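Engineer: got a predicted structure plus its sequence, pasted below:
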Amino acid sequence: MTPNALCIMAVRYGMVFDKNMIGCEHVMNETYADYNGKYLKIRKAIHEAGFDEFCQAGSVNRFHKMNIVAESAVLGKRFWFCVDGGYNVTDELHITIRDLNTNAPDERVSCKTQEDMADWIRGIRSQIMAAKAEKKEEQT
């Protein structure tokens, strides 16, 4: 299997991989292009948040319109940014947060709008930046 085929398979089956992995750059771009111009505020916030890794988990379809998995090692957390819907159903936007260092139950945050989810992501960005600054300060 070629590196490109492996990357596409990884995206389809929900594996999280480093966005800078050789041969995978096109997958990241194709994945985000699949939203037909939707969810721009959310996607922009994710790109700017400072996550170590992020990708679309699984395929995009009518019922799971967006499912981006992102991870932050400095916070020790994995995040799922989801938009679910269906036939004649209002889209449901939510964030699921898993602490990777404990067996605590996942936390789920429901969002009313794209702006609401983008605000949550900006809050996560602030946490990431603060944790990185603290870690840097400890090293000096």
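Structural biologist: Great, that's in hand.

Engineer: list the buried ones in the helix or strand where residue 94 lies?
Structural biologist: Using DSSP states H and E, residue 94 sits in strand 89-99. Neighbour counts over strand 89-99 (16 or more other CB atoms under 10 Å) mark 93, 95, 97-98 as buried. For the C-beta atoms, the positions are set from N, CA and C on the backbone; glycine is no exception.

Engineer: just send those residues back as CSV, with distance to residue 119 and pLDDT too.
Structural biologist: Listed next are the buried residues of strand 89-99 as CSV, based on distance: CB to CB, whole Å; pLDDT from 0 to 100:
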residue, distance to residue 119, pLDDT
93, 12, 97
95, 11, 97
97, 15, 97
98, 21, 96
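
Engineer: mind putting these in a markdown table, distance to residue 138 included?
Structural biologist: Below are those laid out as a markdown table (distance: CB to CB, whole Å):
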| residue | distance to residue 138 |
| --- | --- |
| 93 | 36 |
| 95 | 28 |
| 97 | 24 |
| 98 | 25 |
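
Engineer: show the end-to-end separation of stretch 98-116, please.
Structural biologist: 20 Å (CA to CA, to the nearest Å).

Engineer: please state the offset of it from the chain centre?
Structural biologist: Relative to its chain's centre, stretch 98-116 lies at 12 Å (CA atoms, centre = their mean, to the nearest Å).

Engineer: so which residues make contact with the strand holding residue 94?
Structural biologist: Strand 89-99 is contacted from outside by 42, 65, 76-85, 106-114, 116-117, 120-121, using CB atoms under 8 Å, 6 or more residues apart in numbering.

Engineer: now do the helix or strand that that strand is followed by and strand 89-99, the angle between them.
Structural biologist: Sequence-wise, the next helix or strand downstream of strand 89-99 (DSSP H and E) is strand 107-111. Interaxial angle of strand 107-111 relative to strand 89-99 (axes from the mean of the first three to the mean of the last three CA atoms, to 10 degrees): 150 degrees.
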